[in-house]
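J.: Next comes the sequence, and after it the predicted model I'd like to discuss.
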Amino acid sequence: MNDLESFDLNKTLLKKMDLKKVILCDCTLREGEQSAGVGFDQKTKLTVSRFLSQIGIPQIQVGYPGISNKDKEMVKTIKNEGLNSKIESISMIHVDNWKEHIDAALECQVDVLSLQFGVSSIRLKYVLQLSEEAALDRIYKSIIYAKENGAYVSFTPTDATRAPLPFLRKVFQTIINAGADRVRIADSVGILFPMATRNLVREVRKIVGNKPIGIHCHNDFGLALANTISAVEAGVDIVDVTVNGLGERTGNASLDEVVMVVKFLYGMDLSIQTEKLSELSHLIENFTGIKVPDSKPIIGKNAFAHILDTHVMGMEKYESMYEPFNPKIVGNKRRFPLGRLSGPFAIKKKLKELNLTFEEPKIPLLVDLINKKAENLRREIEDSEFMELVNSLK
């Protein structure tokens, strides 16, 4: 049961929104690999891309074919898999050999060729050492070159949110004038807040018209999810995500969170096999060695854990009492761990779960033992420890 369907505060606002269905672009194999300490070999990239495609992710961003022959062959191999997902690669055009980077992507015959160029004053002055006019010229020429060679072009002015708005308008107008098929707004250092995100999307929409707009949010202030959803509210067409929120520095908007927020709070079904989300999370966790926090929403170990005795009792009476949706929907599990705040109801539930018989009058003694042990250990009580305590009172 999903009680959110009857939550009037959300329903009232949703009636006033004209939301469009968005396309998910998973960037784990590109942005996720830029996480500190992470590196994917070809076998891993193939496994992940197949899994993403199987659960219904419509677009997968796989890397930079122009960086090396190894990267190019990796992108080409994934493209040749014949997946149901569209394959996107990135070509950086701030380098002197930018045409070679585009050529490498063209050789891979990717479905979407994403061109990237930094447009903030910081990037132009301190890194690229280019004037605004020279930057606009490079942007225009790169799109023309890619289009003349048959590419479907997406253009991302990176660090866009630190560029002066008048110049940013010129950037997007140049992108459209050159004939790009879609654009992407990149909050490269995660400095936007939700209202600013909505306003920027609307500004870009005025310039690009019906061309698809993508959003790529970083999580430096913990706002990647909020900004991504704000962009959805403002009418973006494509949303960048990563599994477990991986990405450079503090990462990006997490795939599972975006999917579930859009599905359950905004009523937009993206045709993703959500019951596979936890499995996907664990797969990436194993490949990267980066542990998913127990408290992570949606797929964390404690996302559906109930310990306070009144909560345990409430869940027995009505299963969505303290949960927004059933954990099975995302392949997670409901748990009732024992700890310092566990009471008689939780103890009886655990006894029943482990098929243990115990005298009713001794329940308060067992509760006291559980509470004290958990306080000393500063963690939940494992089943084996619980059984030892039970036996000690028999």
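T.: Nice, thanks for sending it over.
J.: Point to the residue nearest the middle of the chain.
T.: Ser254 (2.0 Å; Cα atoms, centre = their mean).
J.: got a list of what that residue touches?
T.: Ala224, Leu225, Val241, Thr242, Val243, Asn244, Gly245, Lys296, Ile298 (Cβ atoms under 8 Å, 6 or more residues apart in numbering). For glycine as for every other residue, the C-beta is placed from the backbone atoms N, C-alpha and C.
J.: With Glu380 instead?
T.: Contacts of Glu380 (Cβ under 8 Å, 6+ apart): Ile307, Pro337, Leu338, Gly339, Ala374.
J.: Of the residues you listed, which one scores lowest on pLDDT?
T.: In terms of pLDDT, the lowest of those is Ala374, showing 87.
J.: Surely that residue is in a strand?
T.: No - judged by DSSP: H, G, I helix; E, B strand; the rest coil, Ala374 forms no part of a strand; its state is helix.
J.: need the contact list for the closest residue in space to Lys147 that isn't next to it in sequence.
T.: Closest residue to Lys147 apart from its sequence neighbours, by Cβ to Cβ, 6 or more residues apart in numbering: Gly179 at 5.1 Å. Gly179 sits next to Ile143, Ile144, Lys147, Val153 when contact means Cβ under 8 Å, 6+ apart.
J.: Roughly how far does Gly179 sit from Ile215?
T.: 22 Å (Cβ to Cβ, to the nearest Å).
J.: which one is Lys20 nearest to, not counting chain neighbours?
T.: Nearest to Lys20 is Gly235, by Cβ to Cβ, 6+ apart, at 6.1 Å.
J.: For the stretch 1-150 of the chain, just list every one of the strands.
T.: For the stretch 1-150 of the chain, the strands defined by DSSP state E, counting those that start in this stretch cover 23-26, 59-61, 86-92, 112-118.
J.: Switch the contacts of Glu380 over to CSV; also include neighbour count and distance to Val367.
T.: CSV is the format used below for the contacts of Glu380 (neighbours: other Cβ atoms under 10 Å; distance: Cβ to Cβ, whole Å):
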residue, neighbour count, distance to Val367
Ile307, 19, 13
Pro337, 18, 15
Leu338, 25, 10
Gly339, 19, 11
Ala374, 20, 11
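J.: quick check, nearest of those to Met74?
T.: Using Cβ to Cβ, Pro337 comes nearest to Met74 of the contacts of Glu380, at 41.9 Å.
J.: In this structure the closest one contacts Glu382, no?
T.: No - counting by Cβ atoms under 8 Å, Pro337 stays clear of Glu382, with 9.0 Å between them.
J.: right, and Phe155 touches Leu115 too?
T.: Yes - in this structure Phe155 lies within contact range of Leu115 using Cβ under 8 Å: 5.0 Å.
J.: who touches both of these two?
T.: Common neighbours of Phe155 and Leu115 (Cβ under 8 Å, 6+ apart) are Ile139, Ile143, Ala180.
J.: What is the burial count for the last one?
T.: By the measure other Cβ atoms under 10 Å, the count of residues near Ala180 is 28.
J.: again with Leu393
T.: With other Cβ under 10 Å as criterion, Leu393 counts 12.
J.: Check Thr228 too.
T.: 29.
J.: can you check the one 10 residues further on too?
T.: When counting by other Cβ under 10 Å, one arrives at 22 neighbours for Ile238.
J.: what is it paired to in the beta sheet?
T.: Note on Ile238: beta-bridge partners by DSSP bridges are Ile23, Gly214.
J.: wait, what's in contact with it?
T.: Val22, Ile23, Leu24, Cys25, Gln59, Arg182, Arg184, Pro212, Ile213, Gly214, Ile215.
J.: Just list the residues touching the nearest residue to Glu88 once chain neighbours are set aside, thanks.
T.: Distances taken as Cβ to Cβ, 6+ apart place Val112 nearest to Glu88, at 3.9 Å, with adjacent residues excluded. When contacts are counted by Cβ under 8 Å, 6+ apart, Val112 touches Gln59, Lys86, Ile87, Glu88, Ser89, Tyr152, Val153, Ser154, Arg182.
J.: for these, which one is nearest Glu353?
T.: Using Cβ to Cβ, the contacts of Val112 come closest to Glu353 at Gln59, 42.9 Å.
J.: Who is the closest one paired with across the strands?
T.: Going by DSSP bridges, Gln59 is paired in beta bridges with Cys25, Lys86.
J.: Report the contact partners of it.
T.: Going by Cβ under 8 Å, 6+ apart, the list of residues near Gln59 reads Ile23, Leu24, Cys25, Asp26, Ser85, Lys86, Ile87, Glu88, Asp111, Val112, Ile238.
J.: try it again with 6 Å
T.: Cys25, Ser85, Lys86, Glu88 (Cβ atoms under 6 Å, 6 or more residues apart in numbering).
J.: Which PyMOL command selects the buried ones in the residues you listed?
T.: The command below creates a PyMOL selection of those among the contacts of Gln59 that count as buried (16 or more other Cβ atoms under 10 Å):
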select buried, resi 25+85+86+88
